[in-house]
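*Asks:* From the sequence below, what's the structure:
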Amino acid sequence: MPVAKTDSNGAAASCVLGQVLVNGRPLSRQQLQAVSAFMPETETDGLVPVMTAFEMVSFCTALRLPHLNREEQRVRTETVLDMLGLSEQHDTLVGGLLPGGTAVRGLSGGERKRCSIACAVVSLPHILLLDGPLSGLDSFAALSVVRYLKSIAETQHAAVVFTLHQPRAAIWAQMNKVTLLASGHMMYSGATDDLVPWFESLGFSYEPTVHGLVPDWALDLVSQGFSNSPAANPVSNGHSNGHSAGHSASNGHGRATAFVSQRRQHQLQLDRAGSDKDTARFGGKCTIDPLAAAAEAFLWHLKDQQRGSLECSPGKLSETAGGAYTVGLGGLLHGGGSSSNSSTDAASDSLSSLDVRMPAVQGGGSKCGWLSRAGVGAAFKRYRALLWREAVFMTRNPLNVAGRMMIFTYVGLIFGLVYYNMGGGASTIPVRMSVVHVDIVFLVLVTSISMPLFYEDTKYFVHDTKAGLYRPLEYLLARMTVAIPFTIIMGAVLHFILFGMAGMRHGAVYMLQSCALAVLCLLIAMQVIQICAMAASSQDLAFAIVCAWIAVNIFVHPFHHLYSNYTLGWGLSWLRYLSAVSWAWQGVVTVELKDRYFDCSHGSGVSALGIFPELLPTSSVLLRQIKQQIDNLGDGCIASGNAVVSMYTQELPYGATFSMLLGYYSVTLVITYLIAVRKAKKAAS
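*Replies:* Below is the predicted model of the structure:
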């Protein structure tokens, strides 16, 4: 199973190949997720600020344990909160920054960490993996978290494995086993109490009064690469004993080098045919640096333990002088707490000593297993939990539903006042077309303010799919169920206010038809926002892509140009067929003007013909007479709306235009799903 490693900037640094074994046998990803839980270092990013601690853990319970009924899920949530000391914070908001920068007061840093751990352990996993659970916490909060992890290991008989940096003595005492890593090498893995004897067997002496705490001493060793350096064996009281420290480091390096050399020669004698491969794997006969020598010595020691052989030990070898190298390396402690019934094993053992009962994975590995009755039932419960979270996230954020509803309302009022009660003469035909343009264009433009909301929700999606909590389809269906009604309401509010105040075509059927087209255009724009939020690597890039899509939609549609004569340069005229704004505008104009006749007895004005009066030359007597005739055509003059529709649109029936927009929206939904599936696979890899 390949495991991708990333650097501090999130870029791919390397790929580690190997197998994950439980009970000595490999597992599928679904089986591993069924018996384990993983909390990355940025786990608190998965907490929703506007949800309470109880609601957050309840949400995770519903996703991880869909087979339990609601009462059982509630009891499990209460139990886990009590276990992690969060009972008093039952109804306290998680808190944090909302999209847009609004701060919500809530849990403290340590409480948020415990809430994250509660979300991970609510399913009572056999194996709990945590990356940096103590990062950013003060010493007291860090100790509290470790004690809670210890209690989970003891009460739930689970293996708890976590990474930490420079643990204090009280934290070190909580751990049963430790793995010491340096520059990609495993320097030690085993019982905490055996760490000092192992390094002393390599010749690295430890004096508590001189070197301080065991974890500090071990980290000093690996940080200097086991080199001949005073820092490898610091002394107290501010005095440096470089000779003693250097002798100890050199002595340890010599023993480790001699041990490795002897074992290599022994291996060559045992396997002559494979000697070249084995030598290449361990670096051949080239000079070994101190850190690599100590790491290889431990690997040989592990092999001896697995074979039950104690024929060689570094401490039994005679001292051999070795070269000293100063190598700056970073140390990392990897510890786990457990009960006497289950232990946190070394990485080389692959947790093989754990007697983990493997639950059946839903679907039995079949591609269609999730379509079984049990699979569909579990999927529906996950969908219901996601539906509830989306509703909470949307309604409790003041900048979401309430803020956007205010924007749509007052913008509708402002534009309504601008076009208020325009009348019903033929001179209002171009004005009505402008009202439709304003309505459609604003609905598309205003979607860009929702980008922070979509981008934040995408972060939750990535976080949850990394933990395998749900499928992309369940997430998208839940989001659509919540978002579509609110989007329809907001678009309808603007449309009805603007069209009502402007005096557009009366009649419930006409208003509903035009509103349906306008709202469909809004839904398309919203879906494009989500596509960009999920596909782009940053919020700024997503916003730039959305702006480009909006610009193309607005600038390529004809508007006041005669449709048959409208062309774009460089052969780009086909872009107008990709403009949702153009399709919606043509449809609404058709609803507004088709089969409608306007009184022009008092003149329609030259503006109705698309001519600006200011551009007409006043010196021409003939043109002045034509203008007067147009302004006063006399009784019985009727202007046909059908003629305007034929000039400015493709004259499609309403059903065809609605189908085009619905098809456009369906395509965006399919693209969203494909991107979500790809993003989920990338997050889980």
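
*Asks:* what sits against Gln650?
*Replies:* Contacts for Gln650 (C-beta atoms under 8 Å, 6 or more residues apart in numbering) come out as 563, 586. All C-beta spots, glycine's among them, are computed from the backbone N, C-alpha and C.

*Asks:* For Gly587, see how far away it is.
*Replies:* Using C-beta to C-beta, to the nearest Å, Gln650 is found at 10 Å from Gly587.

*Asks:* ok, now His157?
*Replies:* With C-beta to C-beta as the criterion, His157 and Gly587 are 65 Å apart.

*Asks:* These two: which is more packed in?
*Replies:* Comparing His157 with Gly587 by other C-beta atoms under 10 Å, the one with more neighbours is Gly587, at 29 against 16.

*Asks:* quick one: contacts for that one?
*Replies:* Contacts of Gly587 by C-beta under 8 Å, 6+ apart are 514, 517, 652, 654, 657-658, 661.

*Asks:* If we use 7 Å, what do you get?
*Replies:* With contacts defined as C-beta atoms under 7 Å, 6 or more residues apart in numbering, the neighbours of Gly587 are 517, 654, 657-658.

*Asks:* so where is the stretch 251-400 of the chain shaky, pLDDT-wise?
*Replies:* For the stretch 251-400 of the chain, the stretches with pLDDT under 70 are 251-289, 306-374.

*Asks:* if we go to 80?
*Replies:* 251-296, 300-375, 398-399 (pLDDT under 80).

*Asks:* ok, how many other residues are close to Leu213?
*Replies:* Neighbours of Leu213 (other C-beta under 10 Å): 14.

*Asks:* just to revisit the earlier point, export the contacts of Gly587 to CSV and tack on pLDDT?
*Replies:* Shown next, in CSV, are these (pLDDT from 0 to 100):
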residue, pLDDT
Leu517, 97
Tyr654, 95
Thr657, 96
Phe658, 97
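
*Asks:* most surrounded residue in these?
*Replies:* Top of the contacts of Gly587 by neighbour number is Leu517, holding 27 neighbours under the definition other C-beta under 10 Å.

*Asks:* Where do the strands of this protein begin and end?
*Replies:* 3-6, 12-16, 21-22, 25-26, 36-39, 96-97, 103-104, 127-130, 159-164, 177-182, 185-191, 331-336, 597-599, 638-640 (DSSP state E).

*Asks:* who does the fourth one touch, helix- and strand-wise?
*Replies:* I take that to be strand 25-26. Other helices and strands packing on strand 25-26, by 3 or more C-beta pairs under 7 Å, 6 or more residues apart in numbering; DSSP states H and E, are absent; none qualifies.

*Asks:* wait, Thr458 sits on Cys532?
*Replies:* No. Using C-beta atoms under 7 Å, Thr458 is not in contact with Cys532; the gap is 9.8 Å.

*Asks:* neighbour count winner among these two?
*Replies:* Cys532 (24 against 21).

*Asks:* now the more buried one, nearest residue through space, not along the chain?
*Replies:* Excluding the flanking residues, the one nearest Cys532 by C-beta to C-beta, 6 or more residues apart in numbering is Ala542, at 4.1 Å.

*Asks:* And Thr590, by the same measure?
*Replies:* Using C-beta to C-beta, 6+ apart, the closest residue to Thr590 is Val645 (5.4 Å).

*Asks:* What count of nearby residues applies to that neighbour?
*Replies:* 22.

*Asks:* Any figure for the gap between it and Leu593?
*Replies:* 5 Å.

*Asks:* nearest residue to Gly412 other than its sequence neighbours?
*Replies:* Spatially, and ignoring its direct neighbours in sequence, Gly412 is nearest to Ile497 (3.4 Å; C-beta to C-beta, 6+ apart).

*Asks:* wait, doesn't the one you found sit right on Ile414?
*Replies:* No. Between Ile497 and Ile414 there is no contact under C-beta under 7 Å: 9.7 Å.

*Asks:* overlap in contacts of these two?
*Replies:* What both Ile497 and Ile414 touch, as defined by C-beta under 7 Å, 6+ apart, is an empty set.

*Asks:* neighbour-wise, which of those two wins?
*Replies:* Remark: of Ile497 and Ile414, Ile497 carries more neighbours, 19 against 12, as counted by other C-beta under 10 Å.

*Asks:* avg pLDDT for stretch 149-167?
*Replies:* Average pLDDT, stretch 149-167: 83.

*Asks:* Report the buried residues of that stretch.
*Replies:* 149-154, 156-164, 167 (16 or more other C-beta atoms under 10 Å).

*Asks:* got a list of contacts for stretch 91-102?
*Replies:* Against stretch 91-102 from outside (C-beta under 7 Å, 6+ apart): 47-54, 56, 103-107, 112, 115, 397, 399, 452-453, 456.

*Asks:* quick check, distance from that stretch to the centre of its chain.
*Replies:* 17 Å (C-alpha atoms, centre = their mean, to the nearest Å).

*Asks:* repeat for stretch 677-685
*Replies:* For stretch 677-685 - counting by C-alpha atoms, centre = their mean - the centre lies 10 Å from the chain centre.

*Asks:* ditto for stretch 549-562
*Replies:* That offset, for stretch 549-562, works out to 34 Å (C-alpha atoms, centre = their mean).

*Asks:* Quick one: mean pLDDT over it.
*Replies:* On average, stretch 549-562 scores 84.
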